[in-house]
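[1] Everything below, folded, please.
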Amino acid sequence: MQTNEDLIHPVKVKLYQGGNLEQQCIFYNGGYSFNTDLNTYTVEIDTADLPFLLTCPSSIDTTVNVTVADSLVTDIDYAFNCYPGYDIGAWNVHSNLSFFPGNIAHINFSAGNVVTCFYNGGASTCSSPAMSGQVMAILTGPATYNGPLSGSLIPSSVSGDTIIWNIPDFNLLNCTNSFAFSVYVNTSANSGDPLCLEIIVSPDAGDNHISNNHFIHCFQVVNSYDPNEKEVSPVGSLVYPFNDWLTYTIHFQNTGTAPAQHIQVLDTLDADLDASTFQLLSYSHAPMVQLFGSNVKFNFPNINLPDSTTDAEASKGYVSYRVKPLANLPLGTTIENTASIYFDFNSPIVTNTVSNIICNPIAPTNISQTICAGDSYNFNGTTISTAGNYSATFNAINGCDSVVNLNLTVLNAASNTLTENICSGDIYNFNGLNISSTGIYFDTLAAINTCDSIITLNLTVETINTTIQQSSDTLSVTSSGSIQWIDCNSQQLISGANGNIFVATMSGNYAAIITEGNCIDTTSCTQVFTSANELTIDHSQFTIFPNPTDENITIEFSQPCENCRIEISNTLGQILLTEKLNQNSEILNLKSFSSGLYFCIIKDDSGKMYQKKLVIEK
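    Sure thing, here's the model as predicted:
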């Protein structure tokens, strides 16, 4: 290879012996190596989906004879040129933080010019034209976009869970760090819930390999965290027949007390995985990758990974790869994977085991429920009181996941407010309750939608001021409503007497009928003596006895009174009894009168009036 050529990686080289695949190696800084026994081997370059054209040698296969023990066979080199056109795409998603409910997590995915970013093919190898386009990320699951991370591109737009970056030229992208952002994991998330990111890179037209322009990667919500762990995407169930990629990511962290100089990760692929399809995707530190059958060794020599006490963030690392299962695996097949991580000469740290199962597609069960505001609904152990769409994943007997989708509707309690006015003395019937006082009243009724209906009544009792003021022969009221004065003795309306002030032209009992809005009330009758018929209170003119009385009274006048009239009235001015007095005395039977205060008035022919109080006690 020439000194001015780019050392491309990670290209996979396979070693066959007798037609059997024995080893695989991923280019590390443009180089590869195999440890073999004495034998004849075939070295083959894996050109699947490579954006390069093999120029040297002419065949992807090279026969190598190892005939001398402890010898070194060199110069089995390969040279490439780029295909005309371009290859843009996306190839990996990873996170260095676990997805805890209520926490912020970081997501980083790689996208851009596959030739220059993924394979390290520089200008000396390829000359790509300027390529503008778009990168779209769609977030699904119990998380929401929070914002870009420091040093990453600011999205051109964010709409709900869809994030879009408009790219002027993919050649100028830093593919590793451009697409990094944080998400907020919902507090309602449950452990095991999938959180997925769908990546779409466009345009497709003119792209040499559109197969890498779209992929989906899923994480899982967790309730605990182990810095040395393994994860897989897709998570859980795989729909039969499943012949697509499984993406594995191994996370490691130096939690010791000194830097780790050398780290090895050993991973044994499940027997149901096709090791020949293995592809290295991304990593925090460039590894040398070797496969011996189903055993994968990731070697990080001279990594010098700081310890977590000295530098927590720099103490972390990861490696990500993908591999396909064997074709057409039967239903119920379980694929498991575990890795061992070696820090220098320490005992290995064994990761968790990730598991997938191939099963028949199970159509989601969709249910709809309606509750009333203030009530709650229990869904898979979670109490929900907010309207929305919810999902829960259940394991069936055969191990396959089944999904139940809930659409919850929360009905607000029907409410209605009534504003009513009644007149003083009236009664308002409110759902069987008789009310006669001003106030706010509530009643709860059963509505058609089964939710309570709350009725609010604002009741105002309108009271008319019936106070009447008297000054000699003048009466007045203070109402702002309409007024009609009435003669209490004759119960006749007084024509033209409609003002607040009434001046009597003759002695009598008078009252005012007051109308305010829809309410009508009448003042008490008030006795008026005009100046022309001045009331004479002269106790020497007549006497009443017995006074108090319980039945009969005798009225004696001091001198004969022809055509005199005796009137007995109550305190309201109402005349209850009238008798003529043609002698000096008269006996009146008041047996029908109730106990109380009354007035005895004698009127003579001259218009003079004489009055005394009369008390009846039963």
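[2] residues in contact with L280?
    10, 12, 26, 287, 289, 319-321 (Cβ atoms under 8 Å, 6 or more residues apart in numbering). The C-beta positions use only the backbone N, C-alpha and C, and glycine is treated the same way.
[3] Please tell me how far it sits from I26.
    Between L280 and I26 the computed distance is 5 Å (Cβ to Cβ, to the nearest Å).
[4] cool, and M506?
    126 Å.
[5] So between those two, which is more surrounded?
    I26 (23 against 12; other Cβ atoms under 10 Å).
[6] And for that one, nearest residue in space, chain neighbours not counted?
    V289 (3.7 Å; Cβ to Cβ, 6 or more residues apart in numbering).
[7] now the one you found: how far from L54?
    21 Å.
[8] more crowded one of these two?
    Counted by other Cβ under 10 Å, V289 and L54 do not tie: V289 has more neighbours, with 25 against 15.
[9] Mind pulling up the pLDDT for that one?
    Listed pLDDT for V289 reads 96.
[10] Who are the contact partners of it?
    Residues in contact with V289 (Cβ under 8 Å, 6+ apart) are 10, 24-26, 28, 280, 296-299, 321.
[11] Show me what F343 bridges to in the sheet.
    Beta-bridge partners for F343, by DSSP bridges, are I263.
[12] One more: A137?
    Beta-bridge partners, per DSSP bridges, of A137: I163, I199.
[13] quick revisit: hey, what's in contact with both of L280 and I26?
    The contact lists of L280 and I26 share 10, 12, 287, 289, where a contact means Cβ under 8 Å, 6+ apart.
[14] Is the closest residue to L577 other than its chain neighbours in a helix, a strand, or coil?
    Nearest residue to L577 in three dimensions, chain neighbours excluded: I568, at 4.1 Å (Cβ to Cβ, 6+ apart). With DSSP: H, G, I helix; E, B strand; the rest coil as the basis, I568 sits in strand.
[15] Any idea how many residues pack against I568?
    Residues near I568, counting by other Cβ under 10 Å: 20.
[16] got it, and T249?
    24.
[17] Would you check that it makes contact with R322?
    No. Using Cβ atoms under 8 Å, T249 makes no contact with R322, being 9.7 Å away.
[18] What is the neighbour count of the residue lying closest to A189 once chain neighbours are set aside?
    Of all residues not flanking A189 in the chain, P142 sits nearest, at 3.6 Å (Cβ to Cβ, 6+ apart). For P142, the count of nearby residues is 20 (other Cβ under 10 Å).
[19] do the same with N92
    23.
[20] in which helix or strand would I find it?
    If you go by DSSP states H and E, N92 is part of strand 88-94.
[21] centre of the chain versus that strand, how much separation?
    Relative to its chain's centre, strand 88-94 lies at 32 Å (Cα atoms, centre = their mean, to the nearest Å).
[22] how many other residues sit next to the closest residue to A414 other than its chain neighbours?
    Nearest residue to A414 in three dimensions, chain neighbours excluded: S453, at 4.0 Å (Cβ to Cβ, 6+ apart). The burial count assigned to S453 is 15, neighbours taken as other Cβ under 10 Å.
[23] May I ask you to confirm that S453 belongs to a helix?
    No. S453: not assigned to a helix; according to three-state DSSP it is strand.
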